[in-house]
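> No sequence on hand, only this structure:
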């Protein structure tokens, strides 16, 4: 497998090469580049299967580099010391990333996932979601990428009605389409969607406040959405939910 490491620090490139060798059962052909310009050149000539891409480099950012590749044909793993907001954007776009200093176990996991997804052709669309997340535009235009074993779903955040826990899985109820079940727990999406005001009304439910039509006080409290769906409020969460709804 052909791996390209793009990072402006030689020490980081050398360390990543050593770590890849340590976690891989087979040898890989590894090339290096130190910035946007050299990285683009190596992508065109080396034709990598996997690219490890630094965010901040001397002649631009990893985002700048990716904007010059309209149809990427490789798997991408960002390496970053970036802030929490950027990490949220990576998670929403389902693009893999490693925080510096890179942990060898996490690198091994990322390499394994990338190797298993070499046939994935959605990277260009995922980059569009990433840049949209980083742009600061309002929620109505933003998307989240939901990935399962079989497919990737590009969903407008504003179209999410609510999420329901099903064991270690999460079921997304969406406007005008069938529900989607993803193999991540509800707490994962509470963290991702919390910045958009989503409310955990119950240990099994996470709701989009912009879709709430009314609050029904009967039966201990229920939210009625504009779709007609109902979402329960647990007794423990009732005061917290009511405070959030009053302040929005």
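Received the coordinates, thanks. A quick note: this is a predicted structure, and the numbers were derived from the prediction, not measured. Numbers count the residues shown, from 1 in each chain.
> The residue nearest to residue 225 when sequence neighbours are not counted: neighbour count?
Leaving aside its sequence neighbours, residue 225 sits nearest to residue 211 (C-beta to C-beta, 6 or more residues apart in numbering; 4.7 Å). Using the backbone N, CA and C atoms, a C-beta is placed for each residue, glycine as well. Using other C-beta atoms under 10 Å, residue 211 is surrounded by 20 other residues.
> Confirm for me that residue 211 is in contact with residue 226.
Yes - counting by C-beta atoms under 8 Å, residue 226 is a contact partner of residue 211 at 5.4 Å.
> Per-residue pLDDT of the residue lying farthest from the centre of the chain, please?
Most distant residue from the mean C-alpha position of the chain: residue 218, 37.8 Å away (C-alpha atoms, centre = their mean). We have a pLDDT of 78 for residue 218.
> Domain map for the protein?
Per the record, the chain has its domains at 2-133, 158-247, by automatic domain parsing.
> and these as TSV, adding distance to residue 142?
Output for the domains of the chain, formatted as TSV (distance: least, C-beta to C-beta, whole Å):
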stretch	distance to residue 142
domain 2-133	6
domain 158-247	8
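> so which of the ones you listed comes closest to residue 152?
domain 2-133 (4.9 Å; C-beta to C-beta).
> And the closest one, end to end?
30 Å (C-alpha to C-alpha, to the nearest Å).
> any idea how far residue 225 is from residue 180?
17 Å (C-beta to C-beta, to the nearest Å).
> Could you report the pLDDT at the residue nearest to the spatial centre of the chain?
Compute the mean C-alpha point of the chain, and by C-alpha atoms, centre = their mean the closest residue is residue 91, 2.1 Å away. Model confidence at residue 91, given as pLDDT, is 93.
> For it, give its distance to residue 191.
8 Å.
> re earlier: hang on, the residue nearest to the centre of the chain is in a strand, isn't it?
No - Residue 91 is assigned helix when assessed by DSSP: H, G, I helix; E, B strand; the rest coil, not a strand.
> Show me where this structure dips below the pLDDT cut-off.
84-85, 137-140, 248 (pLDDT under 70).
> I would like the residues contacting stretch 95-103, please.
By C-beta atoms under 8 Å, 6 or more residues apart in numbering, the surrounding residues in contact with stretch 95-103 are 12, 15-16, 19, 52, 75-81, 87, 90, 106-107, 110, 113-114, 123, 126-127, 130.
> Give the buried residues for stretch 106-117.
107, 110-111, 114-115 (16 or more other C-beta atoms under 10 Å).
> Can you name the residues in contact with that stretch?
Against stretch 106-117 from outside (C-beta under 8 Å, 6+ apart): 1, 16, 19-20, 23-24, 49-50, 75, 77, 96, 98-99.
> what do you get if the cut-off is 7 Å, keeping everything else the same?
1, 19-20, 23-24, 50, 75, 77, 96, 98 (C-beta atoms under 7 Å, 6 or more residues apart in numbering).
> And stretch 213-222, by the same measure?
So stretch 213-222 is contacted by 223-226, 230-233, 235, 238, 245 (C-beta under 7 Å, 6+ apart).
> With stretch 125-135 instead?
63, 66, 86, 89-90, 92-95, 141-143, 145, 154.
> mind redoing it with 6 Å?
Contact with stretch 125-135 is made by 66, 89, 92-93, 95, 142-143, 145, as judged by C-beta atoms under 6 Å, 6 or more residues apart in numbering.
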